[in-house]
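*Asks:* With the sequence up front, the predicted model follows.
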Amino acid sequence: MHIPDAFMPIPQGIFYWVVALVFISLSLRWVRQEMDETKVPLVAVLAAGIFAIQAFNLPVTMGTSGHLVGGALAAIVLGSPYAAVFILSLVLIVQGVIFGDGGITTMGANILNMGVIGGFVGFYSYKGLMAATRNLNLSAFAAAWFACLVPALVTAVEMWIAGTFPLDLGLAGMGLYHAAIGVIEGGITVVALHLIASVRPDIVNVTKGVTV
Amino acid sequence: METKTFVAAGVVLAILIGVAAVFLASPDPDGLESTALIVQGDKTLTGDTPPDAEVNEDAAGRFSYESPLPDYTMGEEMGKTGEIVALVAGVLVTFLAILAISRLVARPVK
C-alpha cells in the first residue's frame, strides 16, 4: 500500500503531507502526555517488530501478496490511535528514505493512510466491537481487518484523484486484494496481542475482564 | 518479564523475522502494485501476475528519489547477504529512531 512518488502529482503530495504533519504533531503531544520513560523501550521494540513484519510479504492468491500494516496492533496495544500515528510515521520514514519503499512526496499520504486512518479505524472499531462482544480475539481480528481494508479504499480514491487509477478498477483491485490481505493483518494482530500480553500484561491492559 | 529481557528478545525476534523474510517472502506484487498492473492491462483482477510484469513508474513531472538501499537490497552483487544486512539495519534504525525521539519527548520518571 506504499504509494511511490510516480503515482501522485507533487501538489497533491504536499497537501497530504500537511494533513499528516497535523496528526504527527498530535501524536508527539500524546507521547509527551501519555508516555513516561519506562515505556519508551517497549514502544521502540513494537516499532522494530512492525518494520520487520512489513518486510514479510505472504501470498494471498490472485498473483498478489500482502503484509501486516500494524496500525491496529500499535493502537490496541498502547491504547491510543496516536500511538499508531507515531510508530507508523517513523516506520514509513525509514522505509521511504532508506529503502525507497514508498515515495518522499507521497510519504504524507502513506502516513495518513496507514498510520492515521489505519490507527483510528483499528482503535475505534476494536473499542466498539469489544463493547458489543467482550471477545478480544474477534474484536482485534475484525478491527485489524477493517484497518487494512479502509485505508486501501481511501488509497484507491487518492489514486483516482491523482489520475493514476480509474475509480472502479482502483476500488475493485484495492478492495479485493486488501480484503484478503486483511486476513493476514487480523491473524498476526491477534497472535501478537496474545504474545505481548503473555510476557508484559502491564502494557496490554485492554484484556482485563475480557473473554480471550 | 523484565524490560531489558523483553527489549532484547523483541529486537532479536524482529531481526529473525527480517532475515526469514529475505528467504521466504512472496515475490508477488502487493495490493497496490497488482491494482496498478490491472490498470496497465498487464493482469486480470483474479489472475496470476505474469513473471515479466512491471509497474510503470515513468510519469512525467513527478518527484524522483534514489534511496541508498533500494528494495531492501545492497545491489545485485551483494545478493542475499546484502538483503539480510539491509533488513537488519532497517530493524535497528527503526528501533533506535523511536528510542531517541521518545526519550526526547516522553515524560521523565520522577
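*Replies:* Now that the structure is in, tell me what you want to look at. Numbering: from 1, shown residues only, chains lettered A, B, ... in the order given.
*Asks:* going forward, measure contacts and count neighbours with C-alpha atoms only.
*Replies:* OK.
*Asks:* and the residue of chain B nearest chain A?
*Replies:* Closest contact between chain B and chain A, by C-alpha to the nearest C-alpha, is at residue B:48 (4.0 Å).
*Asks:* What does the pLDDT read for whichever residue of chain A sits closest to chain B?
*Replies:* Residue of chain A nearest chain B, by C-alpha to the nearest C-alpha: residue A:63 (4.0 Å). Note on residue A:63: pLDDT of 96.
*Asks:* And it, how far from residue B:55?
*Replies:* From residue A:63 across to residue B:55, the span is 14 Å (C-alpha to C-alpha, to the nearest Å).
*Asks:* who has more neighbours, these two?
*Replies:* For residue A:63 and residue B:55, the more surrounded residue by other C-alpha atoms under 10 Å in any protein chain shown is residue A:63, and the numbers stand at 23 against 16.
*Asks:* can you count the residues close to residue A:22?
*Replies:* 10.
*Asks:* quick one: secondary structure of residue B:74?
*Replies:* At residue B:74 the chain is in coil, as set by DSSP: H, G, I helix; E, B strand; the rest coil.
*Asks:* Quick check: it vs residue A:170, distance?
*Replies:* Going from residue B:74 to residue A:170 by C-alpha to C-alpha gives 33 Å.
*Asks:* out of those two, which sits in the busier spot?
*Replies:* residue A:170 (26 against 19).
*Asks:* so what secondary structure elements neighbour the strand or helix carrying that one?
*Replies:* Residue A:170 belongs to helix A:167-199 when assigned by DSSP states H and E. Packing partners of helix A:167-199 (3 or more C-alpha pairs under 8 Å, 6 or more residues apart in numbering or on different chains; DSSP states H and E): strand A:65-66, helix A:71-78, helix A:136-161, helix B:31-40.
*Asks:* what would those look like in a markdown table with mean neighbour count and distance to residue A:85?
*Replies:* Listed next are these as a markdown table, based on neighbours: other C-alpha atoms under 10 Å in any protein chain shown; distance: least, C-alpha to C-alpha, whole Å:
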| stretch | mean neighbour count | distance to residue A:85 |
| --- | --- | --- |
| strand A:65-66 | 26 | 21 |
| helix A:71-78 | 29 | 8 |
| helix A:136-161 | 24 | 13 |
| helix B:31-40 | 24 | 21 |
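*Asks:* export the ones you listed to CSV and tack on distance to residue B:14?
*Replies:* Output for the helices and strands packed on helix A:167-199, formatted as CSV (distance: least, C-alpha to C-alpha, whole Å):
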stretch, distance to residue B:14
strand A:65-66, 18
helix A:71-78, 15
helix A:136-161, 20
helix B:31-40, 24
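*Asks:* between those, which gets nearest to residue B:94?
*Replies:* Smallest distance to residue B:94 across those (C-alpha to C-alpha): 14.6 Å, for helix A:71-78.
*Asks:* And the residue nearest to the spatial centre of chain A, how close does it get to residue A:121?
*Replies:* The centroid of chain A falls nearest to residue A:71 when counting by C-alpha atoms, centre = their mean (2.5 Å). According to C-alpha to C-alpha, residue A:71 and residue A:121 sit 9 Å apart.
*Asks:* Please apply the same query to residue A:186.
*Replies:* Residue A:186 is 13 Å from residue A:121, by C-alpha to C-alpha.
*Asks:* what touches both of those two?
*Replies:* residue A:143 (C-alpha atoms under 8 Å, 6 or more residues apart in numbering or on different chains).
*Asks:* Poorly predicted segments of chain A, please.
*Replies:* A:205-212 (pLDDT under 70).
*Asks:* ranges for the helices of chain B?
*Replies:* B:3-24, B:31-40, B:79-105 (DSSP state H).
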